[in-house]
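A.B. asks: structure for this input, please:
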Amino acid sequence: MQTAWLQRANHPHCLLFFSGWGMDPEPFRFLLARSCDVFLVHDYRQLQPLDLEPLAGYRQCHLLAWSMGVWVAAHLLGDRAGAFVSRTALAGTLSPIDAGRGLPPDSYATMVDTFGPEVLATFYANMFDDPTQLDRFLVSRPRRPMDELREEMAAFRAAVLATAPVRDIYTKKIVTSRDRIFTGRNQLRAWGRDTATVHAWPHFPFFQFVDWQELLSA
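C.D. replies: Below you'll find the model as predicted:
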């Protein structure tokens, strides 16, 4: 598991951001952070307790978890959720490998077993519903080796299967209804229509925004 500051300008507020599978800082560097510092967690090959000491000096901390990071954050921060004044789940669920509430197990297994450049290219394409956004992403795609990505995918599955159901720590759940990774239907089934905020966004919705605060306020 890796961490990095995406933005650090001594703001009084901080955003802890759990990214999705296969990510690193590169795809998110374009987002401004005019009202908060942003601390990224990524690379879930080896999950371990997260040291929150880097966030200790902030007046308020917020949590944003995206995609596979929704499960990881709930797993790692279940007993420390009170440290965050808001906790947002985006385009993910607490049952990430599940036919009805996440990614179908058979499809996930096929991705692991056949993983290579073509599978990765298809995954990237499915994160978007607009080819221009895909092109924009590919310019700043993660700079990680293929074997590392496959290892992370397999390790994530093993962690999910070996862990008891995680507690719902989220104060806001954003469902991305145009999602081709975590389908909007499965997200709604996981969270319930009464508790979810639905937006017509693709799986990677970050290009809809200029600043992190816009996403938190959506």
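A.B. asks: so where's the longest helix in this protein?
C.D. replies: helix 146-162 (DSSP state H).
A.B. asks: tell me who's in contact with the most centrally placed residue in the chain.
C.D. replies: Nearest to the mean C-alpha position of the chain, by Cα atoms, centre = their mean, lies Trp66 at 2.1 Å. Neighbouring residues of Trp66 by Cβ atoms under 8 Å, 6 or more residues apart in numbering: Phe17, Phe18, Ser19, Gly20, Leu90, Ala91, Gly92. C-beta coordinates here come from the backbone N, C-alpha and C atoms, glycine included.
A.B. asks: save these as CSV, and put in pLDDT too.
C.D. replies: Below are the contacts of Trp66 laid out as CSV (pLDDT from 0 to 100):
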residue, pLDDT
Phe17, 99
Phe18, 99
Ser19, 99
Gly20, 98
Leu90, 99
Ala91, 99
Gly92, 99
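A.B. asks: by neighbour count, which of those residues wins?
C.D. replies: Top of the contacts of Trp66 by neighbour number is Gly92, holding 32 neighbours under the definition other Cβ atoms under 10 Å.
A.B. asks: ok, that one touching Ser67?
C.D. replies: Yes - counting by Cβ atoms under 8 Å, Gly92 touches Ser67, with 4.7 Å between them.
A.B. asks: joint contacts of those two?
C.D. replies: Gly20, Phe182.
A.B. asks: sorry, back to before: which other residues reach the longest helix of the chain?
C.D. replies: The contact list for helix 146-162 (Cβ under 8 Å, 6+ apart) reads 21-22, 43-47, 68, 71, 75, 96-97, 108-109, 111-112, 115-117, 120.
A.B. asks: quick check: mean pLDDT of that helix?
C.D. replies: Looking at helix 146-162 alone, the average pLDDT works out to 98.
A.B. asks: check contacts around the closest residue to Val166 other than its chain neighbours.
C.D. replies: Among residues not flanking Val166 along the chain, Ala74 sits closest, at 4.2 Å (Cβ to Cβ, 6 or more residues apart in numbering). Residues near Ala74 by Cβ under 8 Å, 6+ apart: Ala65, Leu94, Val166, Arg167, Asp168, Ile169, Tyr170.
A.B. asks: report pLDDT for Ala218.
C.D. replies: 88.
A.B. asks: do I have it right that it meets Ile174?
C.D. replies: Yes - the criterion here is Cβ under 8 Å, and Ala218 meets it with Ile174 at 6.8 Å.
A.B. asks: all strands for this protein, in order.
C.D. replies: 2-7, 13-18, 37-42, 60-66, 86-90, 172-176, 196-199 (DSSP state E).
A.B. asks: now do the helices in the chain.
C.D. replies: 68-77, 105-113, 117-126, 131-139, 146-162, 184-191, 212-216.
A.B. asks: in a markdown table, list those along with distance to Ala200.
C.D. replies: Converted to a markdown table, those look like this (distance: least, Cβ to Cβ, whole Å):
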| stretch | distance to Ala200 |
| --- | --- |
| helix 68-77 | 19 |
| helix 105-113 | 23 |
| helix 117-126 | 16 |
| helix 131-139 | 14 |
| helix 146-162 | 27 |
| helix 184-191 | 9 |
| helix 212-216 | 15 |
